[in-house]
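**Student:** Need coordinates for the following:
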Amino acid sequence: MLGPVDPQVGEHPAASILKVIAKKPIAEIDDETLILADVAEKAIAQLRETVKELLTRSQSADQSRSWPGSSRRGPGRTTIRSRSRKPGGSG
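**Tutor:** Numbers count the residues shown, from 1 in each chain. Next comes the predicted model:
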């Protein structure tokens, strides 16, 4: 089983860094935050690919162990969701 995944950039959740970029005018965002946002986008993309690969491997292993006619899920039934934490709290 895989729980929520939340990539971090430094001490901040990657999704929160991207939220700043989406909400503020570019002229009001300092260079460091723009750089962190670039790294955050890459971290989220890398994490999604890694989770997808892990789930694909796991699903393949599960299918190879299942008996014909079992109720196991077939290919294409996996959903990947990214979940971010709110600063100062959980979930």
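**Student:** okay but His12 is in contact with Ala37, surely?
**Tutor:** No. At 10.4 Å, His12 does not count as touching Ala37 under the criterion of C-beta atoms under 8 Å. The C-beta positions use only the backbone N, C-alpha and C, and glycine is treated the same way.
**Student:** Looking only at neighbour counts, state which of those two leads.
**Tutor:** Neighbours per residue, other C-beta atoms under 10 Å: of His12 and Ala37, the larger number sits with Ala37, 19 against 14.
**Student:** That one and Ala45: what is the separation?
**Tutor:** Relative to Ala45, Ala37 is positioned 13 Å away (C-beta to C-beta, to the nearest Å).
**Student:** repeat for Pro7
**Tutor:** 9 Å.
**Student:** so where's this protein uncertain?
**Tutor:** Scanning the chain with the threshold set as pLDDT under 70 gives 1-2, 64-91.
**Student:** Show me the helices in it, by range?
**Tutor:** 14-23, 31-65 (DSSP state H).
**Student:** measure Pro4 to Gly10 for me?
**Tutor:** 20 Å.
**Student:** cool, Glu32 as well?
**Tutor:** Taking C-beta to C-beta, one finds Glu32 at 10 Å from Gly10.
**Student:** Out of the helices of the chain, indicate the one that is most buried.
**Tutor:** helix 14-23 (a mean of 16; mean count of other C-beta atoms under 10 Å).
**Student:** Tell me what angle that helix forms with helix 31-65.
**Tutor:** Put simply, helix 14-23 runs at 130 degrees to helix 31-65, going by axes from the mean of the first three to the mean of the last three C-alpha atoms, to 10 degrees.
**Student:** by contact count, what packs against helix 14-23?
**Tutor:** Applying 3 or more C-beta pairs under 8 Å, 6 or more residues apart in numbering; DSSP states H and E, we find helix 14-23 packed against helix 31-65.
**Student:** name the helices or strands packed onto the helix it packs on?
**Tutor:** strand 8-9, helix 14-23.
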